[in-house]
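Novice: would you be able to build a 3D model of this:
(chains A, B and C)
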Amino acid sequence: MPELPEVDHIVRYVRPRLVGRRITTLETPGGLPRGHDAPGTSPLKLVRGRTIRAVDRRAKLILLRLDQRTLVLHLKLTGKCWIRDADSAPAKSTRLRLVLDDGQALDVEDARKLGWFRLLEDEPLVAMLEKNGPEPLDPAFTLAFFRGLIAKKRGRLKPLLLDPTFVAGIGNIYADEVLFAAKLHPRRLASTLAPREVGALHRAIVTSLKRAVADRTEEVPDQTRVGSGARGASKHIKTRQVFQRAGEPCPRCGETILRTVVATRGTYLCPRCQPAPGPA
DNA sequence: ACATGCACCTGGGAGC
DNA sequence: TGCTCCCAGGTGCATG
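Specialist: Sure, this is the predicted structure:
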């Protein structure tokens, strides 16, 4: 489900409710994703009795810092996090419930079971985090830095933006929003960008993500869909210029927004603002 | 080394 | 109501 702004929002929501709390029990009411052992036999059992010292985000990962170790959560496409009363009935798709010493619980739900969680010591944690690309909202993500990154790339822009080792945190929604903001077609080759287009792309990445983070100010994140399913839209659809808006007018020029497929992913664009590259 | 496309899962909506 | 088909916001890995 979530990309950088959504994961960031979830972290801001759970952090004050988790930091300083001790985990008393670990439950897996809806069954674990593939590859996970039962908690009684896996390293996950080691979370019991530990105190949550901090909650951080890196890329789309949620990091629950415990004593000595870190519980890493990846929500993938359909993962959600809720703070619930520990007495409440868990949702059907609850993969993990961490019961806390104040009677609350952290529920991790994931209908498609694509997400995962792992308890890691510092060394493997650092190795895992290093595989992610740079954080686009970090002050170090300057235009000069970005020029160096993209100079080595030749592929099409959409799959490049979706590559988590290129830049962290961008998914299918923000890839389309970024390319629209930069007025670049998703099939443009990175190697064909003029210097001012690289500048526009850099600016679009930073401003689109910053705005999405700043928009998410409610205390409890919107992790639901209205109308739901694949075509469902969260209430933040208002902040989207093109994504899932096929058939609607472009907010910039009024041309009809198109849906197409690029690198197997549904892709939305304005054909006038984002002219297609030549056949070559 | 780099680019591409599919596999991994399940569920919801549309159309018949 | 109950099919069947299509779609889904991520990423690791096999394949060119």
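
Novice: what comes into contact with stretch A:167-179?
Specialist: Under the contact criterion C-beta atoms under 8 Å, 6 or more residues apart in numbering, stretch A:167-179 has outside partners A:2-5, A:7, A:58-60, A:132-137, A:141, A:149, A:157-158, A:161-162, A:185-186, A:201, A:204-205, A:208-209, A:212, A:240-243, A:265-269, A:274. The C-beta positions use only the backbone N, C-alpha and C, and glycine is treated the same way.

Novice: would you mind writing the CA trace of stretch A:74-84 as PDB?
Specialist: What follows is stretch A:74-84, C-alpha atoms only, in PDB (Å, rounded to 0.1, in the frame of the first residue of the first chain):
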ATOM      1  CA  HIS A  74       7.900  -3.900   5.300                       C
ATOM      2  CA  LEU A  75       4.300  -3.300   4.300                       C
ATOM      3  CA  LYS A  76       4.700  -3.900   0.600                       C
ATOM      4  CA  LEU A  77       1.500  -3.400  -1.300                       C
ATOM      5  CA  THR A  78      -1.300  -4.000   1.200                       C
ATOM      6  CA  GLY A  79       0.300  -3.700   4.700                       C
ATOM      7  CA  LYS A  80      -1.300  -1.500   7.300                       C
ATOM      8  CA  CYS A  81      -0.500  -0.600  10.900                       C
ATOM      9  CA  TRP A  82      -3.000   0.200  13.600                       C
ATOM     10  CA  ILE A  83      -2.900   0.800  17.300                       C
ATOM     11  CA  ARG A  84      -5.800  -1.100  18.800                       C
END
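
Novice: that one: which residues count as buried?
Specialist: The neighbour-count check on stretch A:74-84 (16 or more other C-beta atoms under 10 Å) flags A:74-76, A:78-84 as buried.

Novice: check stretch A:176-186 too.
Specialist: Buried residues in stretch A:176-186, counted by 16+ other C-beta under 10 Å: A:176-186.

Novice: in strands, which of those residues appear?
Specialist: Residues of these located in strands (DSSP state E): none.

Novice: and of those, the nearest to DNA strand B?
Specialist: The shortest gap between DNA strand B and any of the buried residues of stretch A:176-186 belongs to A:Pro186, at 10.8 Å (C-beta to the nearest atom of the strand).

Novice: picking up where we left off before, and the furthest pair within the buried residues of stretch A:176-186?
Specialist: Pairwise distances across the buried residues of stretch A:176-186 peak at 14.2 Å for A:Glu177 and A:His185 (criterion: C-beta to C-beta).

Novice: give me the mean pLDDT for stretch A:34-50.
Specialist: Across stretch A:34-50, pLDDT averages out at 75.

Novice: oh, I was asking about stretch A:153-173
Specialist: Stretch A:153-173 comes out with an average pLDDT of 96.

Novice: which outside residues touch stretch A:93-109?
Specialist: With C-beta under 8 Å, 6+ apart as the test, stretch A:93-109 has contacts from A:14, A:17-18, A:21-33, A:47, A:73, A:75, A:78-88, A:90-91, A:110-111, A:113, A:115, A:117.
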